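Chemist: would you be able to build a 3D model of this:
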Amino acid sequence: MSKFKQLYKPLLDGAKWQAPKEAAIEGTEFGHWLLERDSLSRRFERHCSEFTVSLIEQVKIGREQLQDDERALIGNNDCLLRKVVLFGDGQPWVFARTLIPLSTLTGQEQDLAQLGEMPLGFRIFTDRSARRDALVVANVGNASAPLWARRSRLWVNEKPLLVAELFLQEAPLYKETQHWK
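Modeler: Next comes the predicted model:
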């Protein structure tokens, strides 16, 4: 699993995030995947027979390890860093990196530290207070071989967390796009 970390973490770290409108993805064959407002995990579950999550890493990190734009979205806090790969029918579909401020892991939300291989979206989007904002996207591939990523802030009970998702080559996002070519 460290291969995912070695290959894909640098792509997320180097992403040039932009608003969906600037990236001109609205109305494209794949834009609806990147603009999904609800649980991506629930949506993936509908596109395969077996949906699984593999936990690659979960560690506490200091606020000094956050990038400036991350700090601006979730505050200058120490965080729980969670990295997972989402699989559909055994194929890796998404590499995800989540930053959960330790201040978010209080009260009802302390269970977020105990998710293990349960999808984050299954937990977050069962809460009525859940919402998503600050959605940005990036093509970390190139024009002929795009590799799309998105990052958004999630809120649960007015507590933030930041999720970056890299859609891997086997993801349905690209299969649908190829279907339309």
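
Chemist: which SS class is residue 96?
Modeler: With DSSP: H, G, I helix; E, B strand; the rest coil as the basis, residue 96 sits in strand.

Chemist: repeat for residue 113
Modeler: Per three-state DSSP, residue 113 ends up helix.

Chemist: distance check, it against residue 72.
Modeler: For residue 113, the distance to residue 72 (CB to CB, to the nearest Å) stands at 24 Å. Every residue, glycine included, has its C-beta placed from N, CA and C.

Chemist: neighbour-wise, which of those two wins?
Modeler: Using other CB atoms under 10 Å, the more surrounded residue of residue 113 and residue 72 is residue 113, with 15 against 11.

Chemist: residue contacts, the closest residue to residue 12 other than its chain neighbours?
Modeler: Leaving aside its sequence neighbours, residue 12 sits nearest to residue 164 (CB to CB, 6 or more residues apart in numbering; 5.0 Å). By CB atoms under 8 Å, 6 or more residues apart in numbering, residue 164 lies in contact with 12, 15, 96-98, 149-151.

Chemist: do residue 67 as well
Modeler: Going by CB under 8 Å, 6+ apart, the list of residues near residue 67 reads residue 13.

Chemist: alright, I will stop here.
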